[in-house]
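In: Please work out how this folds:
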Amino acid sequence: MVGDKFDARRVGSDGRSWTNWSGHQKCQPRDFIRVSGVGELAEVVGEAAGQGRQITTVGSGHSFTPAALSDDLLLDISRIAGVISVDRDSGLVEVGGGTILADLNRELDRIGLAMPNLGDIDRQTIAGAVSTGTHGTGAALPNISAQIERIKVMDAKGEVREFSPGSDELLAARVAIGSLGVITAVTLRTVPAFNLHRIDAPMDLDQVLSDFDRIAEENEHFEFFVFPYTRTALTLSRNRTDRLLAPRSKADRFLGDVVLENGLGDLALRAAGRFRSAIPRMARHSTGFMSQSEQVDLSHRVFANYRTIRFNEMEYALPAEVGPDVLNRVLAMIEGEGFPLPMPIECRISAGDDALISQAHGRPTVYIAVHQHRTMEYEPYFREIEKIFREVDGRPHWGKLHFRTAAELAPSFPRWDDFQAVRDRLDPDRTFSNAYVKTVLGE
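Out: Numbers count the residues shown, from 1 in each chain. As a prediction, the model looks like this:
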């Protein structure tokens with residue numbers, strides 16, 4: 001039996017338990033196994049599937065949904081990591097599925113390459129990031145999964161299948177919430193290493209929203225944050241540059257990121273949970289700390305932010321043309337209902353892509369994300385905001401909180417049935433499933 005044969009390789013604080021980054025999602029799987037490589041993974045998967053077990057693969061725990069929870073077999077593939085091969089001429093780089101993005105970025109930089117776009121967190125595994133549709137920002141740039149040229153997935157027999165361009169299998173596997181098998185490797189299209197010039201600037205929110213399309217078009221990467229109960233946005237623009245590096249000093253990074261934004265910020269948010277009536281005043285006070293700044297650094301250093309404040313998050317992918325109006329509606333609801341949401345709302349943009357159940361499938365997309373500190377209740381407020389997103393055919397981020405079911409979601413994805421057909425071929429017995437997958441993709 002898997003639980004007996006691999007007992008020595010169980011991981012977790014007590015041998016079995018697992019908790020996600022925010023501390024909200026927890027499980028105690030029957031077995032929790034960290035495999036040493038693809039060979040052992042094949043042995044474990046083959047034996048477990050033969051016993052009718054259900055298998056879930058865990059990454060770094062940065063999904064806010066129950067995507068990685070299991071009461072059966074939970075697999076850790078963090079040792080299936082690192083760069084496997086590099087083709088410098090084409091920029092194609094194959095990496096293990098358990099590779100942490102931060103590690104990948106440093107290795108790519110060492111060989112003169114880079115990812116063309118990244119999100120603002122680099123602690124996820126590449127397999128976890130692409131499986132949930134993780135994205136960065138940029139009107140002409142799709143999500144991370146769209147950078148995949150080929151992908152290797154282990155099926156329930158312990159056999160690795162490779163999917164290449166032109167196949168529905170690749171379009172399905174690029175974003176699949178772990179439902180098609182275990183991602184053992186991906187081949188990414190990279191670009192020559194580049195520097196980014198980042199400018200942070202506070203702007204009147206009404207001006208940002210009225211000029212949103214123009215600003216997004218003029219900047220390769222654009223996003224902004226706004227606190228509920230305020231009308232000032234902190235805009236972040238990032239553009240490629242040939243300028244010499246001018247990174248923030250270690251002292252500035254420590255003071256700004258560690259002490260002020262994360263340390264004091266966390267204390268302020270904890271206080272907000274105790275004094276909820278003061279949240280609007282605290283939000284307006286927080287805008288006073290917004291100031292203009294700039295830096296030039298390696299692309300991956302500019303993309304990623306240092307973040308220790310733990311929170312829960314809901315993010316929806318909306319048709320790009322309705323993004324500004326929807327954000328105004330969300331802010332008006334929060335203020336009108338007096339929702340205790342002290343953390344800023346984030347707004348980003350991306351190009352559409354063709355992964356079958358990508359949140360940005362087939363349309364330019366504006367993402368709106370709402371956050372709540374982990375010490376505070378989120379569900380009633382997120383549910384009310386989600387109603388607005390649903391009215392405009394919003395699609396939830398698979399790794400962030402939402403309250404949708406497969407039956408509700410299917411009409412929003414034009415190729416939903418094609419995805420299900422691939423799922424039926426690759427995992428007919430639903431070996432790679434859990435409660436979350438069953439809820440959002442069906443039995």
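
In: Need the mean per-residue confidence for stretch 394-413.
Out: The average pLDDT within stretch 394-413 is 98.

In: Now it: buried residues?
Out: 394-402, 404, 409, 412-413 (16 or more other C-beta atoms under 10 Å). To be clear about C-beta, it is placed using only N, CA and C from the backbone, and glycine gets the same treatment.

In: what's the span of that stretch, first residue to last?
Out: Stretch 394-413 has an end-to-end distance of 10 Å (criterion: C-alpha to C-alpha, to the nearest Å).

In: what does that stretch contact?
Out: 62-65, 67, 128, 131-134, 175, 177, 312-318, 326, 356-357, 359, 361, 367, 369, 378, 382-383, 386, 389, 393, 416-417, 419, 439-442 (C-beta atoms under 8 Å, 6 or more residues apart in numbering).

In: filter those residues to the buried ones?
Out: Buried by 16+ other C-beta under 10 Å: 62-65, 67, 128, 131-134, 175, 177, 312-318, 326, 356-357, 359, 361, 367, 369, 378, 382, 386, 389, 416, 419, 439-442, out of those.

In: element containing the residue sitting nearest the centre point of the chain, please.
Out: Among the residues of the chain, the one closest to the centroid is Thr134, at 3.6 Å (C-alpha atoms, centre = their mean). Using DSSP states H and E, Thr134 sits within no helix or strand.

In: Would you quantify the distance from it to Ser85?
Out: Separation of Thr134 from Ser85 (C-beta to C-beta, to the nearest Å) stands at 23 Å.

In: Met290 too?
Out: 44 Å.

In: Repeat that for Ile388.
Out: Distance, Ile388 to Ser85, by C-beta to C-beta: 46 Å.

In: got it, and Asn143?
Out: Taking C-beta to C-beta, one finds Asn143 at 24 Å from Ser85.

In: ok, then the element right after the longest helix along the chain?
Out: Scanning the chain for the helix with the most residues, using DSSP state H, yields helix 323-337. Later in the chain than helix 323-337, the nearest helix or strand by DSSP H and E is strand 345-350.

In: how far off helix 323-337 does that following strand point, in degrees?
Out: For strand 345-350 against helix 323-337, the angle by axes from the mean of the first three to the mean of the last three C-alpha atoms, to 10 degrees is 170 degrees.

In: so where's this protein shaky on pLDDT?
Out: Within the chain, the ranges that satisfy pLDDT under 70 run 1-15, 247-264, 266.

In: can you rerun that using 50?
Out: Scanning the chain for pLDDT under 50 picks out the ranges 1, 4, 6-14, 251, 254-256, 258-260, 263.

In: what does the host helix or strand of Gln420 contact?
Out: Here Gln420, judged by DSSP H and E, is contained in helix 416-426. If you take C-beta under 8 Å, 6+ apart as the criterion, helix 416-426 is touched by 153, 155, 161, 168-169, 171-173, 176, 179-181, 356-357, 409-410, 413, 441-442.

In: Please repeat the previous calculation with a cut-off of 6 Å.
Out: Counting by C-beta atoms under 6 Å, 6 or more residues apart in numbering, helix 416-426 makes contact with Asp168, Glu169, Ala172, Leu180, Leu356, Ile357, Ala410, all of which sit outside it.

In: Any chance of CSV for those, columns distance to Ser210 and secondary structure?
Out: Formatted as CSV, those follow (distance: C-beta to C-beta, whole Å; DSSP: H, G, I helix; E, B strand; the rest coil):
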residue, distance to Ser210, secondary structure
Asp168, 41, helix
Glu169, 43, helix
Ala172, 39, helix
Leu180, 43, coil
Leu356, 35, coil
Ile357, 33, coil
Ala410, 35, helix
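
In: Now for these: which two are most distant?
Out: Using C-beta to C-beta, the pair of the contacts of helix 416-426 lying farthest apart is Glu169 and Ala410, separated by 20.0 Å.

In: how many neighbours does Gly119 have?
Out: 19 (other C-beta atoms under 10 Å).

In: Verify the stated contact: it with Thr134.
Out: Yes. Taking C-beta atoms under 6 Å as the definition, Gly119 is a contact partner of Thr134 at 5.3 Å.

In: farthest-separated two in the buried residues of stretch 394-413?
Out: Checked with C-beta to C-beta, the buried residues of stretch 394-413 reach their widest spread between Leu401 and Phe413, with 19.1 Å between them.

In: Let me know the distance separating the closest residue to Thr431 other than its chain neighbours from Ile357.
Out: Of all residues not flanking Thr431 in the chain, Ala156 sits nearest, at 4.2 Å (C-beta to C-beta, 6 or more residues apart in numbering). In this view, Ala156 and Ile357 are 21 Å apart by C-beta to C-beta.

In: Please, where are all the helices along the stretch 201-350 of the chain?
Out: Along the stretch 201-350 of the chain, counting by DSSP state H, counting those that start in this stretch, helices occupy 205-210, 212-218, 250-253, 265-274, 279-286, 299-303, 323-337.
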